[in-house]
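>>> return atomic coordinates for the entry below.
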Amino acid sequence: MSLTLDLNNEEPPFAKYQGQDSFFGGSPPLSEGVGYLVVLGFGALFSILTTIIVFLNQYFGAKGEITSEHFNTAGRMIKTGLTASVIVSQWTWAATLLQSSNVAWAYGVSGPFWYASGATIQVLLFGVLAINLKKVAPSAHTVAEIVNARWGRSAHLTFLFFCFCANIIVTSMLLLGGAATVEALTGMDYRLASFLIPWGVILYTASGGLQATFLASYIHTVIIFAVLITMVFLVYIKFYSSDQIYDYLEATVNYNTSFCEAYFFDNDKNETFFEAGTFACGPVSGNKDGSYLTMLSGDGLMFGIINIVGNFGTVFVDQSYWQSAIAAKPSSAAKGYLLGGICWFAIPFSLATSLGLASTALMLPISSSEAGSGLVPPAVATELLGDAGAALILIMLFMAIVSTGSAESIAVSSLIAYDIYREYINPEATGQQILFVSRVVIVCFGLFMGCFSIVLFELGLNLGWVYLFMGVVIGSAVIPLWNMMTWTKASGTGAIIAAWSGLALALVGWIVAASVQSGDITVDTLGTNEVMLSGNLIAILSSGFIHYVYSAFIDPQDFDFDELDTKITLVEEDTRGLTAEEQDPVELRRAERWITRRGYVLTFVLIILWPVLSVPAGVFTRPYFAFWVLVAIAWGFGSAIVITVLPLAESSEDINKVLSGLVAAVTGIEMRQAEDPNDKLDDGEEEEEETPAKEEAEEVVDSPADE
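Model prediction:
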């Protein structure tokens with residue numbers, strides 16, 4: 001028997017997709033050569049470009065030589081705009097671009113919102129830790145170094161483990177999502193893609209260190225926002241309008257089972273392959289009235305909670321965010337994190353509100369497994385622009401992978417160089433030895449992750465599964481690290497017990513929940529929302545409770561934060577960013593109050609006030625949805641402008657200096673090479689000598705706990 005429907009290709013559901021069980025159907029829209037061009041060509045291009053910029057900045061600018069301190073801290077002089085750009089770049093994973101549209105495909109409008117808000121508040125709140133770091137440990141290179149200085153070696157080894165877990169999980173998600181999409185779009189073997197993608201990161205990161213990572217991240221972020229606003233424009237302005245998408249979404253959920261079975265019908269086998277939840281057709285389970293156009297979504301809210309808990313781990317336990325705080329100027333740290341969080345919100349929110357909702361509105365034949373692998377954005381882009389759309393998503397994805405990948409590489413290299421090599425192998429290591437170890441680790445980590453991601457593929461783990469799982473593994477380290485920076489009573493022994501106990505309880509609860517819910521323990525049963533929620537909540541809440549009880553009642557400390565930085569030593573006397581002017585205690589207290597108030601208020605708005613205000617709307621009306629889309633478009637365009645223009649405006653003096661040096665070099669006019677800031681005081685100037693902030697520690701009366 002053959003089923004046919006009266007369809008056309010002008011309005012969804014499109015006749016051309018009837019009977020298809022996959023959008024790409026095993027036939028990639030781009031050639032394999034395009035995959036190699038992007039993976040290898042773009043990697044080489046950015047490596048060369050970034051290396052040249054670092055060299056020019058070093059020679060004509062005012063950054064001085066690349067010491068081991070500068071390699072791992074970027075001189076601690078990064079300004080607000082570039083700090084914000086780097087935060088956006090680091091926080092824009094493959095999952096940000098792919099998984100956010102997956103949850104829009106699954107839950108409707110609540111998916112993009114919960115993805116964006118649930119992963120923005122961590123960056124906002126981390127700004128509080130960033131400014132506290134500048135107050136009490138300005139000389140630090142890594143978060144584990146601070147743990148060691150306050151709590152000793154046992155705690156140091158414990159939190160090193162969790163830091164490495166965070167880096168490995170984040171990099172795994174980058175490669176899992178990236179390789180799956182490269183294969184779907186170009187036909188390039190995912191194993192080869194997983195192995196080759198890290199090389200685009202290795203070259204320029206090993207060459208220029210953290211500063212090269214920051215400069216490349218700015219370029220990547222600009223490209224990501226350019227593609228984002230292009231996609232938003234195509235969906236809601238060029239091809240469709242918010243009213244059309246609204247009507248199509250309403251129509252999608254109003255189709256009955258008979259229609260869906262007829263549309264997703266295999267005439268050759270004479271049977272339907274439609275199952276509720278497998279394709280976007282019919283009512284949405286768990287949503288009010290089965291609609292995509294509502295914030296009243298049980299599964300959407302559950303995903304939001306998992307997202308919030310899991311992402312606390314991948315920000316607070318990820319060395320790359322501590323490293324960005326270390327690299328920022330004290331006056332820029334708080335503002336950079338706040339601005340970065342606000343601008344980043346637009347990427348998952350605006351992108352998924354356009355591409356994610358369009359995938360269900362147009363009823364593209366995207367299966368749940370394809371959506372879980374991150375294929376929603378490339379499918380919609382291909383539908384709208386053909387091969388050009390697929391190429392744009394591929395480029396956007398590659399930018400996200402290499403920008404976050406470079407941050408993770410330099411983070412791991414710093415942990416190994418300072419917290420393993422210098423701490424346990426060669427305490428008297430010189431700057432050159434630290435620099436050598438850092439570069440070797442960057443290369444080795446890239447190769448290791450390429451191989452490790454292939455193993456994950458073979459185990460059947462996709463991007464969505466790993467994304468939900470991350471909080472189970474690293475969530476138990478979050479609250480102890482927060483307490484370490486803000487609470488004088490925080491116990492080191494309590495932190496160790498809390499971190500390991502929280503992990504053990506989370507793993508047990510996660511497995512038991514899967515067994516209770518499904519009666520079986522498999523990759524699929526362990527990956528359901530309810531099971532993942534159990535593991536994530538147990539990890540962070542049990543750990544926080546244990547650490548509080550132990551620190552408050554069993555082993556309370558009375559730690560003097562003024563002593564913390566005295567236990568951290570520099571490898572070289574490179575005191576850029578550590579002058580008395582940069583460590584003014586009055587300015588640091590003012591910055592802490594500034595970020596604390598705004599961080600808490602914005603957190604309240606994003607996870608409490610906004611959702612509550614949307615509840616009375618129930619199922620969105622056409623005008624309400626139009627306003628929702630307008631907010632997404634305005635936020636996307638505004639963020640793109642700020643993140644592109646502000647770093648250039650703040651660095652205009654440095655840019656002019658480099659350009660002037662280039663012109664002088666080309667025209668043959670002799671120009672003095674840039675001075676190393678450390679040598680400024682050796683030129684006969686009888687100004688008052690600037691000393692590192694460490695020597696000013698005794699003058700700082702207030703500790704974080706006093707605020």
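
>>> mind checking how far Ile641 is from Thr272?
Separation of Ile641 from Thr272 (C-beta to C-beta, to the nearest Å) stands at 48 Å. From N, CA and C alone the C-beta is placed, and that goes for glycine too.

>>> could you check which of those two has the larger neighbour count?
Per other C-beta atoms under 10 Å, whichever of Ile641 and Thr272 has more neighbours is Thr272, with 17 against 13.

>>> partner residues bridging that one?
On the basis of DSSP bridges, Thr272 is bridged to Phe265.

>>> gap between it and Asp266?
From Thr272 across to Asp266, the span is 7 Å (C-beta to C-beta).

>>> and Trp482, by the same measure?
Distance from Trp482 to Asp266, counting by C-beta to C-beta: 53 Å.

>>> residues near Ser426, how many?
Actually, residue 426 is Asn rather than Ser. 13.

>>> need the three-state assignment for the spatially closest residue to it that is not a sequence neighbour.
Closest residue to Asn426 apart from its sequence neighbours, by C-beta to C-beta, 6 or more residues apart in numbering: Gln433 at 6.7 Å. Under DSSP: H, G, I helix; E, B strand; the rest coil, the three-state class of Gln433 is helix.

>>> surely Gln433 and Ile425 touch.
No - using C-beta atoms under 8 Å, Gln433 makes no contact with Ile425, being 10.0 Å away.

>>> and Asn483, what pLDDT?
Residue-level confidence at Asn483 comes out at 94, pLDDT.

>>> for the helix or strand in which it is found, list the C-alpha coordinates in PDB.
With secondary structure defined by DSSP states H and E, Asn483 is part of helix 478-486. Extracted in PDB, the C-alpha atoms of helix 478-486 (Å, rounded to 0.1, in the frame of the first residue of the first chain):
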ATOM      1  CA  VAL A 478      31.900  24.100  42.300                       C
ATOM      2  CA  ILE A 479      30.800  25.200  45.800                       C
ATOM      3  CA  PRO A 480      34.100  24.400  47.500                       C
ATOM      4  CA  LEU A 481      35.900  26.600  44.900                       C
ATOM      5  CA  TRP A 482      33.500  29.400  45.500                       C
ATOM      6  CA  ASN A 483      34.000  29.100  49.300                       C
ATOM      7  CA  MET A 484      37.700  29.000  48.800                       C
ATOM      8  CA  MET A 485      37.700  32.500  47.400                       C
ATOM      9  CA  THR A 486      34.900  34.100  49.500                       C
END
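
>>> off-centre distance for it?
21 Å (C-alpha atoms, centre = their mean, to the nearest Å).

>>> just stretch 40-59 next, same as before
23 Å.

>>> between Gln433 and Ile425, which has more neighbouring residues?
Gln433 (17 against 11).

>>> and the more buried one, what pLDDT?
Per-residue pLDDT puts Gln433 at 90.

>>> also Cys163?
Looking at Cys163, its pLDDT is 94.

>>> you'd agree it is up against Thr314?
No - between Cys163 and Thr314 no contact is recorded; they are 11.1 Å apart, counting by C-beta under 8 Å.

>>> any chance you could map the helices in the stretch 101-250 of the chain?
For the stretch 101-250 of the chain, the helices defined by DSSP state H, counting those that start in this stretch occupy 110-136, 143-151, 153-186, 190-196, 199-233, 242-254.

>>> could those be laid out in CSV, adding mean neighbour count?
Formatted as CSV, these follow (neighbours: other C-beta atoms under 10 Å):
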stretch, mean neighbour count
helix 110-136, 26
helix 143-151, 25
helix 153-186, 24
helix 190-196, 20
helix 199-233, 24
helix 242-254, 19
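
>>> which one of these lies closest to Ser31?
helix 153-186 (6.6 Å; C-beta to C-beta).

>>> quick one, that closest one and helix 143-151 angle?
Counting by axes from the mean of the first three to the mean of the last three C-alpha atoms, to 10 degrees, helix 153-186 points 160 degrees away from the direction of helix 143-151.

>>> helix or strand with the lowest mean pLDDT in the protein?
helix 68-73 (a mean of 61; mean pLDDT, DSSP states H and E).

>>> and the pLDDT at the closest residue to Leu646 other than its chain neighbours?
In this structure, Leu646 finds its nearest non-sequential neighbour in Gly81, 3.4 Å apart by C-beta to C-beta, 6+ apart. Here, the pLDDT recorded for Gly81 equals 86.

>>> again with Ile219
pLDDT at Ile219 comes out at 87.

>>> OK, contacts around it?
Applying C-beta atoms under 8 Å, 6 or more residues apart in numbering to Ile219 gives the contacts Phe46, Leu49, Thr50.

>>> same question for Ile305.
With contact set as C-beta under 8 Å, 6+ apart, Ile305 has these partners: Gly118, Leu533, Asn536, Leu537.

>>> which parts of the stretch 351-500 of the chain are helices?
With DSSP H, counting those that start in this stretch as the criterion, the stretch 351-500 of the chain has helices at 357-361, 368-372, 376-385, 387-414, 431-458, 463-474, 478-486, 492-518.

>>> list the buried ones in the last one?
To tie it back to what came earlier, the one meant is helix 492-518. Buried residues in helix 492-518, counted by 16 or more other C-beta atoms under 10 Å: 492-503, 505-507, 509-511, 513-514.

>>> re earlier: pLDDT added to the contacts of Ile305, as CSV?
Output for those, formatted as CSV (pLDDT from 0 to 100):
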residue, pLDDT
Gly118, 92
Leu533, 89
Asn536, 91
Leu537, 93
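
>>> most neighbours, which of those residues?
Counting neighbours by other C-beta under 10 Å, Asn536 comes out on top of the contacts of Ile305 with 29 neighbours.

>>> so how far is Ala130 from the residue nearest to Leu646?
16 Å.

>>> swap in Ala116?
Distance, Ala116 to Ala130, by C-beta to C-beta: 21 Å.

>>> what's the local residue count around the nearest residue to Ile416 once chain neighbours are set aside?
Of all residues not flanking Ile416 in the chain, Val441 sits nearest, at 4.8 Å (C-beta to C-beta, 6+ apart). Other residues lying near Val441 total 22 when counted by other C-beta under 10 Å.

>>> same check on Pro616?
Using other C-beta under 10 Å, Pro616 has 6 other residues around it.

>>> same thing with the one 3 residues further on?
By the measure other C-beta under 10 Å, the count of residues near Val619 is 19.

>>> for it, give me phi and psi.
With angles defined as degrees, to the nearest 10, Val619 sits at phi -80, psi 130.

>>> pretty sure it contacts Gly290?
No - judged on C-beta under 8 Å, Val619 makes no contact with Gly290 at a distance of 9.4 Å.

>>> tell me which of the helices of the stretch 351-500 of the chain lies nearest to Phe60.
Phe60 sits nearest to helix 431-458 of all the helices of the stretch 351-500 of the chain, at 22.4 Å, using C-beta to C-beta.

>>> how far away is the residue nearest the centre of the chain from Phe559?
Taking C-alpha atoms, centre = their mean as the criterion, Trp91 is the residue nearest the geometric centre of the chain, at 2.0 Å. Using C-beta to C-beta, we find Trp91 at a distance of 31 Å from Phe559.

>>> follow-up on the earlier one: nearest to Pro28 among the helices of the stretch 351-500 of the chain would be which one?
Closest among the helices of the stretch 351-500 of the chain, once you apply C-beta to C-beta, is helix 387-414, at 8.1 Å.

>>> alright, calling it a day.
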